[in-house]
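> Sequence plus predicted model, see below.
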Amino acid sequence: MVKEKPNSTRIYDKDGFRRRAACICVKSENEAEVLLVTSSRRPELWIVPGGGVEPEEESSVTAVREVLEEAGVVGDLGRCLGVFENNDHMHRTEVFVMNVTQELDEWEDSRSIGRKRQWFTIDDALSQLALHKPTQQHYLMQLQHSKTLDNTNRVVNATHPPKLTNAATPAASPTTA
């Protein structure tokens, strides 16, 4: 069953990209396991929880809201991994890390569309995302690299092999491989 949001307004940036936010939910501070949820369109496949930014909503608020709706978890919002650009679908997703502190027994999407959640090692999550959402693999690659990088915002073109650029570089003219 596909999730419908009848009162949802899509927000676009100045370059015409849809604004989205997502969270890489981690089980502990060592960030060895991440939480994925089943896709609403293809429930046999796994994705990173996230969705569209609502009007007058900060990306960090969107990320927390989407994780609660889609994965039924709450936690401590940590660093921003950057803004990931998908030219094929014309969206930019700001991705955060969340250290999960509570898993609800039932949540909105588990009741309404039967969405499931599951913890994966980073390697297993990368394999799962390769099947359906290969652009989301870049979120996890950045998670692994971000422990050694400074926490400045970065723009990542997730449509092509990742090349990190400084956020001051216009995302509208990404480098493509």
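Arrived safely, thanks for sending.
> ranges for the helices of this protein?
Per DSSP state H, the chain has helices spanning 59-71, 108-112, 122-132, 137-146. These are given in chain order.
> Please identify the most buried of the ones you listed.
Mean neighbours per residue, mean count of other CB atoms under 10 Å, is largest over those for helix 59-71, with a mean of 21. No exception for glycine: its C-beta is placed from N, CA and C like everyone else's.
> How about the contacts made by Thr101?
Val74, Gly75, Asp76 (CB atoms under 8 Å, 6 or more residues apart in numbering).
> State the pLDDT value of it.
The score at Thr101 is 98. That number is its pLDDT.
> ditto for the one 3 residues further on
The score at Leu104 is 97. That number is its pLDDT.
> circling back to that earlier point, possible to save the contacts of Thr101 as a markdown table with distance to Gln137 and neighbour count?
A markdown table is the format used below for the contacts of Thr101 (distance: CB to CB, whole Å; neighbours: other CB atoms under 10 Å):
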| residue | distance to Gln137 | neighbour count |
| --- | --- | --- |
| Val74 | 25 | 17 |
| Gly75 | 22 | 20 |
| Asp76 | 24 | 10 |
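> end-to-end on stretch 25-35?
Stretch 25-35 stretches 5 Å from its first residue to its last (CA to CA, to the nearest Å).
> so how far is that stretch from its chain's centroid?
On the basis of CA atoms, centre = their mean, to the nearest Å, stretch 25-35 sits 14 Å off its chain's mean C-alpha point.
> same thing with stretch 56-74?
10 Å.
> what does that stretch contact?
With contact meaning CB under 8 Å, 6+ apart, stretch 56-74 is reached by 19-23, 25, 35, 37, 49-54, 75, 77, 80, 94-96, 98, 100-110, 115, 117.
> same deal with stretch 31-42?
So stretch 31-42 is in contact with 1-3, 24-27, 44-49, 70-71, 73, 97, 100, 109, 113, 115-122, 125, 128-129, 132-133, 140, 143, 147, going by CB under 8 Å, 6+ apart.
> And for the residue most central in space within the chain, nearest residue in space, chain neighbours not counted?
Nearest residue to the geometric centre of the chain (CA atoms, centre = their mean): Ala22, 3.0 Å. What sits nearest to Ala22 in space, not counting adjacent residues and going by CB to CB, 6 or more residues apart in numbering, is Gly50, at 2.6 Å.
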